[in-house]
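[1] 3D model of this:
(one chain, ligands or ions: 3)
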Amino acid sequence: MNFKIAVLAGDGIGPEISVQGVDVMTAVCEKFAHQVSYKYALCGADAIDKVGDPFPEETYQICKEADAVLFSAVGDPKFDNNPTAKVRPEQGLLAMRKRLGLFANIRPVQTFKCLLHKSPLRAELVEGADFLCIRELTGGMYFGEKYQDNDKAYDTNMYTRPEIERILRVGFEYAMKRRKHLTVVDKANVLASSRLWRQIAQEMAPKYPEVTTDYMYVDNAAMRMIQEPTFFDVMVTENTFGDILTDEGSCISGSMGLLPSASTGESTPVFEPIHGSWPQAKGLNIANPLAQILSVAMLFEYFDLKAEGALIREAVDASLDACVRTPEIQVEGGAKCGTKEVGQWIVEYIKKK
Ligand SMILES: NC(=O)c1ccc[n+]([C@@H]2O[C@H](COP(=O)([O-])OP(=O)(O)OC[C@H]3O[C@@H](n4cnc5c(N)ncnc54)[C@H](O)[C@@H]3O)[C@@H](O)[C@H]2O)c1
Ligand SMILES: CC(C)[C@H](C(=O)O)[C@@H](O)C(=O)O
Ligand SMILES: [Mg+2]
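    Ligands and ions are numbered 1, 2, ... in the order given. Have a look, this model is predicted:
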């Protein structure tokens, strides 16, 4: 392959983890004789500060022309603490997803054997948990009509049939490739939008007779995820619910810094950690780069380059086993490692293989 990669590092810990993702990408490309070139582009608060737009047109063009985007994180306290700011870093991320038509966000929730005790849940409970959350990414409340004044505000949770059908199809197809169990997560007992989701899912289910399809209210799903995470194989849900449930999912793995994702759809796919810019950790070399690095593994797998993805996963497992870990998942008495040390250990492992 001759990869053209757009790199959007963003804000907070974004630039630090981005470097590690790029270095891993380069190392794997060298190993497997792929060509790779990078174009760096502005987004988020950084882009607002520099050009006044969280997703400048130039960034869009760079993404559009790339084979894939390696995205890190956006967000800054100066906007988080100013609820009336009209231009916000997160709008850049949403604009990227919308303009690239990335309606399907694949968020795997997995456990690592040596990290089972790092979960706030009992190790025996999370052991073996391995599911995908398919999160709809370009619809719902995030993109529906909004209004805000000093006395009233609303967001509209709107979904159309084609939007629902295409994301459910992704859910059924992933279920077919996995353990053939799809859980449709909704709030159909209250929300009209959820009732349409459930109606369409019921229409589609007979086309996938091998898949066991069940329906679960989101409040129950939030409980079941920590009560019996091994219950799930593939869950499919709307934008807002998927956002919330996957942060919860990171507690199954043991850290927010472990969950990668792939945002796919009509145009250039984006590979991005599920976590944010963790501004408090900016520049401290403590952010876990594994969510970013595993996003690179998902990038290769998206292009059906399985050995490349597998090598990254092997290197990540080896780093964890060797206790080359960032502080939040380090063992007592373990070596002091940071973002760079973990990333570069993985790069060296790949080079030596
Ligand atoms: N995709 C994105 O760019 C994205 C996602 C979520 C939040 N945000 C933005 O990030 C900013 C901070 O939001 P937040 O504090 O709610 O969420 P966050 O994900 O940035 O941080 C929440 C907590 O998760 C942990 N964490 C996050 N990343 C980690 C990593 N790489 N390694 C280890 N631990 C990690 C930390 O304990 C942190 O306190 C806000 O501006 C928010 O809008 C952006
Ligand atoms: C920053 C925010 C817009 C974003 C989302 O809600 O989609 C983030 O939380 C995520 O999970 O990627
Ligand atoms: Mg989120």
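
[2] Walking through the protein, point out its strands one by one.
    According to DSSP state E, the chain carries its strands in the segments 2-10, 35-40, 68-73, 104-110, 130-136, 146-148, 153-155, 181-186, 212-217, 234-237, 262-264, 270-271.

[3] Serialize those to a markdown table and add fields for distance to ligand 1.
    Any C-beta I mention is one placed from the backbone N, CA and C, and that applies to glycine too. Rendered in a markdown table, the data for the strands of the chain read as follows (distance: least, C-beta to the nearest ligand atom, whole Å):
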| stretch | distance to ligand 1 |
| --- | --- |
| strand 2-10 | 6 |
| strand 35-40 | 17 |
| strand 68-73 | 4 |
| strand 104-110 | 10 |
| strand 130-136 | 12 |
| strand 146-148 | 17 |
| strand 153-155 | 16 |
| strand 181-186 | 20 |
| strand 212-217 | 24 |
| strand 234-237 | 17 |
| strand 262-264 | 10 |
| strand 270-271 | 10 |
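
[4] Quickly note the distance from the residue with the largest distance to the centre of the chain to Asp186.
    Centroid-distance maximum for the chain: Asp151 at 34.6 Å, with C-alpha atoms, centre = their mean. As judged by C-beta to C-beta, to the nearest Å, Asp151 and Asp186 stand 31 Å apart.

[5] Name the nearest residue to whichever residue of the stretch 201-350 of the chain sits closest to ligand 2, sequence neighbours excluded.
    Of the stretch 201-350 of the chain, the residue with the smallest distance to ligand 2, taken as C-beta to the nearest ligand atom, is Asp243 at 4.3 Å. Once its chain neighbours are removed from consideration, Asp243 has its nearest residue in Arg135; the separation is 6.8 Å (C-beta to C-beta, 6 or more residues apart in numbering).

[6] Walking through this structure, point out its helices one by one.
    Taking DSSP state H as the criterion, the chain carries its helices at 14-31, 44-51, 57-65, 77-80, 89-99, 123-126, 161-177, 192-204, 218-227, 239-253, 290-302, 306-321, 339-352.

[7] that older thread, quickly, which of the strands of the chain bottoms out on average pLDDT?
    For the strands of the chain, the weakest mean pLDDT is recorded on strand 146-148, namely a mean of 95.

[8] Paired strands for that one, with orientation please.
    Under the criterion DSSP bridges, strand 146-148 sits next to strand 153-155 (antiparallel) in its sheet.

[9] Distance check, the residue nearest to Gly140 when sequence neighbours are not counted against ligand 1.
    The spatial neighbour of Gly140 that comes closest, neighbours along the chain excluded (C-beta to C-beta, 6+ apart), is Asn239 at 3.8 Å. Distance, Asn239 to ligand 1, by C-beta to the nearest ligand atom, to the nearest Å: 13 Å.

[10] check contacts around Asn239.
    Shown here is Asn239, whose contacts under the criterion C-beta atoms under 8 Å, 6 or more residues apart in numbering are 135-143.

[11] any chance of the helices of the chain in CSV, plus mean pLDDT?
    Output for the helices of the chain, formatted as CSV (pLDDT from 0 to 100):
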stretch, mean pLDDT
helix 14-31, 98
helix 44-51, 98
helix 57-65, 98
helix 77-80, 96
helix 89-99, 98
helix 123-126, 96
helix 161-177, 98
helix 192-204, 98
helix 218-227, 98
helix 239-253, 98
helix 290-302, 98
helix 306-321, 98
helix 339-352, 98
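
[12] So which bits of the stretch 151-300 of the chain are right by ligand 2?
    For the stretch 151-300 of the chain, the contact set with ligand 2 under C-beta under 6 Å from any ligand atom comprises 243, 274, 276.

[13] Relative to Gln199, how far out is the most centrally placed residue in the chain?
    Compute the mean C-alpha point of the chain, and by C-alpha atoms, centre = their mean the closest residue is Ser261, 3.0 Å away. In this structure, Ser261 lies at 28 Å from Gln199, with C-beta to C-beta as the measure.

[14] Domain boundaries for this protein, per the record?
    Residue ranges for the structural domains of the chain, counted by automatic domain parsing, are given in the record as 1-102+266-353, 107-255.

[15] With respect to burial, which of these scores highest?
    Highest mean neighbour count of the domains of the chain: domain 1-102+266-353, a mean of 20 (counted as mean count of other C-beta atoms under 10 Å).

[16] gap between that domain and the chain center?
    Once both centres are worked out by C-alpha atoms, centre = their mean, to the nearest Å, domain 1-102+266-353 turns out to sit 10 Å from its chain's centre.

[17] how long is it end to end?
    Using C-alpha to C-alpha, to the nearest Å, one end of domain 1-102+266-353 lies 20 Å from the other.

[18] excluding its backbone neighbours, what's nearest Lys340?
    Using C-beta to C-beta, 6+ apart, the nearest residue to Lys340 is Asn285, at 5.9 Å.

[19] shouldn't that neighbour be in contact with Thr339?
    Yes: taking contact to mean C-beta atoms under 8 Å, the distance of 5.0 Å between Asn285 and Thr339 places them in contact.

[20] okay, and the common contacts of these two?
    Residues touching both Asn285 and Thr339 by C-beta under 8 Å, 6+ apart: Glu16.

[21] ok, which residues in the stretch 1-150 of the chain are in contact with ligand 1?
    Counting by C-beta under 6 Å from any ligand atom, the residues of the stretch 1-150 of the chain near ligand 1 are 13, 73-76, 80, 90, 93.
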